[in-house]
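Asker: Have a look at this prediction, sequence included:
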Amino acid sequence: MDRFGNWIGEACKVILPIHEETFYGNPYSNIAICTLSSLDLLRKIAKSQLMNQISIAGRLLSENKGIDQIIRHVNRNRQIKTIIVCGKEVWGHKAGLSLFNLHKYGVDIEGRIINSNSPDPYLSVTKSEISYFQKEINLINLIDETDFDKIKQKII
């Protein structure tokens, strides 16, 4: 990632601080929820009884550092087997679609997510971490779904 992109990201954190990143639930659950940019949905899930049935709920705003964090988390927390990807995409970044492309196609020799249309889909995780993600994690595509009850139905 270029330094200008890093600078923009840091500036956005100051101008538009988003404090909620992840909420932890049942450490024995094998389900995680990613709400993409839908922070209201993330807060609703975090405050609900659903947290007793899921391991973690978080957001995904970027196609690089955010995906790196998800890959590292599932590699460290191997009880997670399913990630429900829901909520609205970040305009212009399509991090959710990049996550699905990573799962299906992997990365090229430079660490770029194959078939991603995101502006900066370069990852720093290892090929073995990506391989584990591809082989062991089931992604459920509910991109653009923000209805709490419909998302909940995928878990119960």
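Answerer: Yep, it's here. From a predicted model like this one, the values you see are computed outputs, not experimental measurements.
Asker: ok, how many other residues are close to L142?
Answerer: Neighbour count for L142, taken as other CB atoms under 10 Å: 20. For the C-beta atoms, the positions are set from N, CA and C on the backbone; glycine is no exception.
Asker: which intervals of this protein have sub-threshold pLDDT?
Answerer: 1-20 (pLDDT under 70).
Asker: those helices in it, which residues are they?
Answerer: For the chain, the helices defined by DSSP state H occupy 3-15, 39-46, 65-76, 95-105, 127-136, 148-153.
Asker: residue closest to the middle of this structure?
Answerer: For the chain, the residue sitting closest to the mean C-alpha position, by CA atoms, centre = their mean, is L60 at 4.3 Å.
Asker: one step back: any idea which of the helices of the chain gets closest to N117?
Answerer: Closest approach to N117 among those is made by helix 95-105 (7.1 Å; CB to CB).
Asker: from the middle of its chain, how far away would that closest one be?
Answerer: Distance of helix 95-105 from its chain centroid, counting by CA atoms, centre = their mean, to the nearest Å, is 10 Å.
Asker: Which strands and helices lie in contact with that helix?
Answerer: Judged by 3 or more CB pairs under 8 Å, 6 or more residues apart in numbering; DSSP states H and E, the packing partners of helix 95-105 are helix 65-76, strand 82-87, helix 127-136, strand 138-143.
Asker: can you list contacts of it?
Answerer: Residues outside helix 95-105 that contact it (CB atoms under 8 Å, 6 or more residues apart in numbering): 34, 36, 60-63, 66-67, 70-71, 85, 87, 89, 113-118, 121, 123, 130, 133-134, 137, 139, 141, 143.
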